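# this one's structure only:
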């Protein structure tokens, strides 16, 4: 299972449905893109210290998915196909989708635009 930024935030904030769903997973990953988005989001948060402490204590429990050269091929294919179909999605989400396809993992997200990416399975909470 791959977490998007909203799912990661919900998990850290103690959203019960996310915690229950992740408890049944043996493999939970965070794309480096999501980690960057999350850190950007908390930079100005009044809860920044709490979130940074949580990351320091728990981040090693997750696999961090890096963008690699093969990821770039999948990313380009996904973006081109979605543009041609008239259904583009945000660039960062295209990277997340590419990593999901590359690693054959579903994406935990409430963002329905993942549903238009062929081969990506989205799981909401």
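Perfect, thanks for sending it. Since the model is a prediction, treat every value here as computed from it, not as a measurement.
# As a check, name the ranges of all strands in the protein.
Ranges of strands in the chain, per DSSP state E, are 2-3, 29-31, 63-65, 107-108, 122-123.
# ok, the closest residue in space to residue 37 that isn't next to it in sequence - contacts?
Residue nearest to residue 37 in three dimensions, not counting chain neighbours: residue 5, with 4.5 Å by Cβ to Cβ, 6 or more residues apart in numbering. C-beta coordinates here come from the backbone N, C-alpha and C atoms, glycine included. Residue 5 makes contacts with 34, 37, 38, 41, as judged by Cβ atoms under 8 Å, 6 or more residues apart in numbering.
# Turn those residues into CSV, columns for distance to residue 13.
Converted to CSV, the contacts of residue 5 look like this (distance: Cβ to Cβ, whole Å):
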residue, distance to residue 13
34, 15
37, 15
38, 12
41, 12
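# Quick one: buried ones out of these?
34, 37, 38 (16 or more other Cβ atoms under 10 Å).
# where's the residue lying closest to residue 42 once chain neighbours are set aside relative to residue 124, distance?
Ranked by Cβ to Cβ, 6+ apart and with sequence neighbours excluded, the top spatial neighbour of residue 42 is residue 51, at 4.3 Å. Remark: distance between residue 51 and residue 124 (Cβ to Cβ, to the nearest Å) = 23 Å.
# Between these two, which is the more surrounded one?
A count of neighbours by other Cβ atoms under 10 Å puts residue 51 above the other of residue 51 and residue 124, at 19 against 16.
# that older thread, now the residue nearest to residue 37: how far from residue 77?
On the measure of Cβ to Cβ, residue 5 and residue 77 end up 23 Å apart.
# again with residue 112
Looking at residue 112 against residue 77, where the rule is Cβ to Cβ, the gap reads 21 Å.
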